[in-house]
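>>> Sequence unavailable; structure follows:
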């Protein structure tokens, strides 16, 4: 079933859009089934779970940390993570920079912007992001490669597309003002299982899809990880 689901999602994505399979709380067997079907990029929310899966699974897997950043837990994945999504404060950027320096790495990150109507979602405003970017040289062990954001959880697809267009506009503005000569700044991460089609239509380069590949979330496991 996982292979069929994965093939279905991949066939719906245009060339150039990266699929990150969101595998939080899923057992190793599920990830291996997806891996054997050709999926190499996986997204995890919980640092210890991410560390343990990295230790147990093939080493050519590309791991994305997509959960809430907690400074004391960065050490669990900083040595191997490919991309950290959801950097939503200068403090978190500084924490990642320090951890990456200790690991002898330069780590790629995405800046998270608040584009939804829900106050529970986090992220920079444009003013906050630009204030931080003015001091980006102080963080030599991080590389900002793009932006990400989550739209409002609503059946109103036009609202969702409008919020994704807003994020695309933020990306374009930052590219012009801060990263015009930086080819690495190219990622626009938006879209999940329920709205990735709308995100792709608005220019997403990375989608994060979990339940459409692996099935419903394991809420007991989520509670255990918190």
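Sure thing, it's come through. Source: prediction; values computed, not measured.
>>> mind listing what's buried in stretch 192-210?
192, 195-196, 198-200, 202, 204-210 (16 or more other Cβ atoms under 10 Å). The C-beta positions use only the backbone N, C-alpha and C, and glycine is treated the same way.
>>> which two in these are spaced the farthest apart?
202 and 210 (20.3 Å; Cβ to Cβ).
>>> quick revisit: of the buried residues of stretch 192-210, which belong to helices?
Within the buried residues of stretch 192-210, residues falling in helices by DSSP state H are 196, 198-200.
>>> which non-adjacent residue is nearest the residue most central in space within the chain?
Nearest to the geometric centre of the chain sits residue 85, at 3.6 Å (Cα atoms, centre = their mean). Nearest residue to residue 85 in three dimensions, chain neighbours excluded: residue 66, at 4.5 Å (Cβ to Cβ, 6 or more residues apart in numbering).
>>> count of neighbours near that neighbour?
23 (other Cβ atoms under 10 Å).
>>> Read off the pLDDT value for it.
Among the per-residue scores, residue 66 holds a pLDDT of 97.
>>> ok, it - contacts?
20, 22, 43-45, 85-86, 208 (Cβ atoms under 8 Å, 6 or more residues apart in numbering).
>>> So what touches stretch 34-52?
Contacts for stretch 34-52 (Cβ under 8 Å, 6+ apart): 2-3, 6-7, 18-25, 31, 53, 57-58, 60-68, 70, 73-74, 76-77, 81-82, 85, 208, 210, 213-214, 225.
>>> I meant to write stretch 134-148 there.
Residues contacting stretch 134-148 (Cβ under 8 Å, 6+ apart): 83, 85-86, 90, 93-94, 96-98, 100-101, 105-113, 133, 167, 170-171, 174, 178-179, 184-190, 205-206.
>>> Quick check: helices, which of the residues you listed are part of them?
Members of these lying in helices (criterion: DSSP H): 90, 93-94, 96-98, 100-101, 133, 167, 170-171, 174, 178.
>>> can you give me the strands for this protein?
Assigned by DSSP state E, the chain shows strands spanning 18-22, 41-44, 62-65, 83-87, 107-112, 142-148, 187-189, 206-209.
>>> name the helices or strands packed onto the first one?
To tie it back to what came earlier, the one meant is strand 18-22. If contacts are counted by 3 or more Cβ pairs under 8 Å, 6 or more residues apart in numbering; DSSP states H and E, strand 18-22 sits against helix 2-11, strand 41-44, strand 206-209, helix 211-214.
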